[in-house]
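1. structure, please.
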Amino acid sequence: MMDVVLKYEEVSSNPAQQLDDLKETIRKYSALISASNTGSWEYFPKTGFWDCNSIYFSMLGRDINDYRFSIVKNLDERWTDLLHPDDREAATSRFQQYLVNPDGIYENTFRMKHADGSWLWIRSSGGFLKARDAGNLPTLIGTHTDITQLMKAEEDAHQERLLLRTLIDNLPDTIYIKDAAGRKIIANKTDVVTIGASCEAEIIGKTDLELFPNEIGLRGYENDMEILRTGKALLNKEEVFYDKNGNQHWLLTSKVPVSDEDGKVTRIVGIGHNITERKRSDEALNNLNMELNAQSEELSQQAEELKALNEQLIKQKEQELEKAIAQGKFEIASEVLHDIGNALVGFGSYLTRINRGIEKNNLDSIKNLLLFLKAQQTLIGTSIGDNKAAALVAITEGIEKSQLEHHKEATTSINELLNIVSHIQEILNIQRQFVRGHGGSHERKLVNIAHIIDDSRSMLFASFDKRGVKLIINVKPGNHIIKGDHTKLMQVILNILKNSLEAIDMEKDEKSISVFLETIDDYISLKIVDTGEGFDEETSRRFFERGFTTKKSGTGLGLYNCKSIVESHAGSFNISSDGVGKGATIAIKFAI
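-> Next up is the predicted model:
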């Protein structure tokens, strides 16, 4: 309105034109005020009259027509009575002060009651309008603007700032904000305590160089400058520092740059998580781990020693058990062989007596009788008749022939039995040597592998013959002698030949076991190849496991012991097969 009056004073001196211009100006300002939803008011101090436009009341949910305009003093009705009780004293006091001393622009903020009972925040602004002449009364004019939403937003922001500050002040981590020069502008309570200050005011406006006048401050300040220069965050950096008492602490620090709309870094937000206890715990844990590792290594070493001792004891027990079993077996075998030998001696003696008895039969007397009868056949025929004499000669010839054939057959059978007994006795002698060899220590002497093969063949001859298995032995000329235990080596070859024999299907057309012996350079090669059932790869990997066997009544010690014996003679033992049904090959090598 003040500008309206000034505008009115500046128009031409034409009264009609002045009036039109004034009306147009008033219309424009009225439209502007209406469009801005701003309430306008006018107060006349001399009369105490308060005038206002319709928007003044409509923003309060009221109608201007509900208020009288005839009275002079209406300030209370139109303004004072609508003020919030808590704001009334301050608002009216500010208004009266301006009336007394109208210096500058009148500004006042208060709450006014809406028709629905709510309260609106109003910002009132105005000023005195100069009178054109002495006859006019001074007028205070102004506007009312609804700032409820603004005040609510400011209150919400204030509450958020209050909550945020309460939050960061009560967090156990250090939280701070620095400006573009690296000076702290916010520091929470933990940061204040960490630095060793008594309050936030002692920290604000200072850089790390000022807060920590040492290499720690220099490191922090240089990190700040690098972040401000590059805009790159520093994340999870372990930093060490000392408090005012000289105690060492560790922080896990992160610093993040904050940029303005132009992309320029203007702030640094920092957070530091105190990891002192964790570091100390880690150090204690590391020390404990080192101690435990040392103890673990010591225990592992002791465990290995116990394991080795246990294995040694187990092996010793097994050896003692095997020795005891073997001793028992060979004691029984020795007794059996002794009994068989005694029986064979008696049987041989009996055959010898029979043979001697047969030899005592006087075939010569029968021959002489036959010659006499033939010579005297004519004379005898005159006595008993020619037919009877011829019959007597024929009978005598038959007796001679029968006795001769019986004598030959009996002599041949007895001689064959005597030979068999002799062969059995030879086998028994070998068996006795084998049994005697298991009594204790085995002195190693020069032994010929070819001779051991022959002895083994002799012992198993009957078994091969009974099963119809052909044994082929191919010994190439050469030196087949090593220093070893004759009995144990025979045990190996007997076991292998017996296993091969048992592996052959009796229904097969081709049943054979081939033995190849030759000396190559500095070792003796012995191969035993059979046409037995063979085996698969899985079985081959388990042959030398102690206790593993493919036989229903096997002990799983045969091949294991064979391999052990061969290896004790500086040799190698290997068994292979092309698959099930394709036979097996035993390959043994002895170093010369």
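
2. by mean pLDDT, flag the weakest helix or strand of this protein.
-> helix 2-10 (a mean of 41; mean pLDDT, DSSP states H and E).

3. where exactly do the strands run in the stretch 151-300 of the chain?
-> For the stretch 151-300 of the chain, the strands defined by DSSP state E, counting those that start in this stretch cover 174-178, 184-187, 234-242, 248-259, 265-274.

4. buried residues, the last one. List them.
-> Translated: strand 265-274. For strand 265-274, a neighbour-count test (16 or more other C-beta atoms under 10 Å) marks 265, 267, 268, 270, 271, 272, 274 as buried. No exception for glycine: its C-beta is placed from N, CA and C like everyone else's.

5. per-residue pLDDT, the residue in the chain sticking out farthest from the centre?
-> Taking C-alpha atoms, centre = their mean, the residue of the chain most remote from its mean C-alpha position is residue 382, at 123.2 Å. Turning to residue 382, the model gives it a pLDDT of 75.

6. and what of residue 476?
-> 93.

7. that one and residue 517 touch, don't they?
-> Yes. Here residue 476 reaches residue 517: they are 6.8 Å apart, a contact under C-beta atoms under 8 Å.

8. between those two, tell me which one has more neighbours.
-> residue 517 (20 against 12; other C-beta atoms under 10 Å).

9. let me see the mean pLDDT of whichever strand or helix holds that one.
-> Element membership for residue 517 (DSSP states H and E) is strand 512-520. Mean pLDDT, strand 512-520: 94.

10. that strand pairs with which strands, and in what direction?
-> If you go by DSSP bridges, strand 512-520 pairs up with strand 470-475 (parallel), strand 523-530 (antiparallel).

11. which of these is buried the deepest?
-> strand 523-530 (a mean of 20; mean count of other C-beta atoms under 10 Å).

12. tell me the contacts of residue 150?
-> residue 121 (C-beta atoms under 8 Å, 6 or more residues apart in numbering).

13. any chance of the backbone angles for it?
-> phi -60, psi -40 (degrees, to the nearest 10).

14. quick one: it from residue 277, how far?
-> Distance, residue 150 to residue 277, using C-beta to C-beta, to the nearest Å: 48 Å.

15. try residue 73
-> Per C-beta to C-beta, residue 73 is found 74 Å from residue 277.

16. again with residue 400
-> The gap separating residue 400 from residue 277 is 127 Å, by C-beta to C-beta.

17. those two: who's more crowded?
-> More crowded of residue 400 and residue 277, by other C-beta under 10 Å: residue 400, with 15 against 10.

18. with adjacent residues omitted, what lies nearest to that one?
-> residue 366 (4.9 Å; C-beta to C-beta, 6 or more residues apart in numbering).

19. could you point out which element follows the helix or strand containing that neighbour?
-> In this assignment (DSSP H and E), residue 366 forms part of helix 363-375. Next along the chain after helix 363-375, taking DSSP H and E as the criterion, comes helix 377-384.

20. now do the buried residues in that following helix.
-> For helix 377-384, burial by neighbour count (16+ other C-beta under 10 Å) applies to 380, 381.

21. by contact count, what packs against it?
-> On a contact count with 3 or more C-beta pairs under 8 Å, 6 or more residues apart in numbering; DSSP states H and E, helix 377-384 meets helix 386-436.

22. tell me which helix or strand comes right after the helix it packs on.
-> Later in the chain than helix 386-436, the nearest helix or strand by DSSP H and E is strand 445-448.
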